[in-house]
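Asker: Sequence plus predicted model, see below.
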Amino acid sequence: MRSSGTLTVHYRLTPDHLPIIIEGSAESVATLLATLGRPARNAHSAASGVGTRHVVDSDVAPFEPLFKFGSDDLIHLRMLPRTPSPETDGILLLLWAYRAFAGQEIVKATLLRKGANESGLSKVHDRVSKYLDPHGDLVVQVGDPHYSRYSLTVAGVDFARTLGAQMLAYE
């Protein structure tokens, strides 16, 4: 069983390698990642008890400034997308963040709604499906309408990463 001060990182030496799992105290993980040539951006958060985050691929670390990670495992955006549909794009970014940083490929709609509200996407106050259902090429809905969960398709992952890179460029 992991304590709240434990950090787990899924690290790939290159995109072609299988991930290795590094788990331990924030300090020991930070030391090992520094030896591998990657800064431990998550070490402070894990040491301060803000929940355990999993970095699935080493290439997602540059995207971390886009997100806030709460002690209740809630992820929300630090900045909103400057797009014609910020609610939809924000929810897609949150789905990607859960996948990239928490290792969750399927996310409950209620968690997405809470994250969207905490992010400042005030229009997302009732149904996440209202924003995601029209984008079936980017997301897949799992479960019945009252207990929906969502997952990104390959196209959805690509879309969210591209949007995140654009947001970092105009930050």
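Answerer: Great, that's in hand. Just so you know, these numbers come straight off a predicted model, no measurement behind them.
Asker: Would you mind measuring from residue 91 to residue 61?
Answerer: Remark: distance between residue 91 and residue 61 (Cβ to Cβ, to the nearest Å) = 22 Å. Placement of C-beta: from N, CA and C, glycine included.
Asker: These two: which has the busier surroundings?
Answerer: A side-by-side neighbour count of residue 91 and residue 61, using other Cβ atoms under 10 Å, places residue 91 first with 29 against 19.
Asker: Tell me who's in contact with the more buried one.
Answerer: 112, 116, 121, 124, 128, 131-132 (Cβ atoms under 8 Å, 6 or more residues apart in numbering).
Asker: now those residues as a markdown table including secondary structure, distance to residue 153 and pLDDT?
Answerer: Shown next, in a markdown table, are the contacts of residue 91 (DSSP: H, G, I helix; E, B strand; the rest coil; distance: Cβ to Cβ, whole Å; pLDDT from 0 to 100):
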| residue | secondary structure | distance to residue 153 | pLDDT |
| --- | --- | --- | --- |
| 112 | helix | 16 | 93 |
| 116 | helix | 20 | 92 |
| 121 | coil | 22 | 90 |
| 124 | coil | 21 | 82 |
| 128 | coil | 16 | 87 |
| 131 | helix | 16 | 87 |
| 132 | helix | 11 | 86 |
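Asker: Which members of those residues define the maximum pairwise distance?
Answerer: Using Cβ to Cβ, these span at most 12.8 Å, a distance reached by 121 and 132.
Asker: Mean confidence (pLDDT) on stretch 97-109, please.
Answerer: Regarding stretch 97-109, the rounded mean pLDDT is 89.
Asker: So which bits of that stretch are buried?
Answerer: 97-102, 104-105, 107-109 (16 or more other Cβ atoms under 10 Å).
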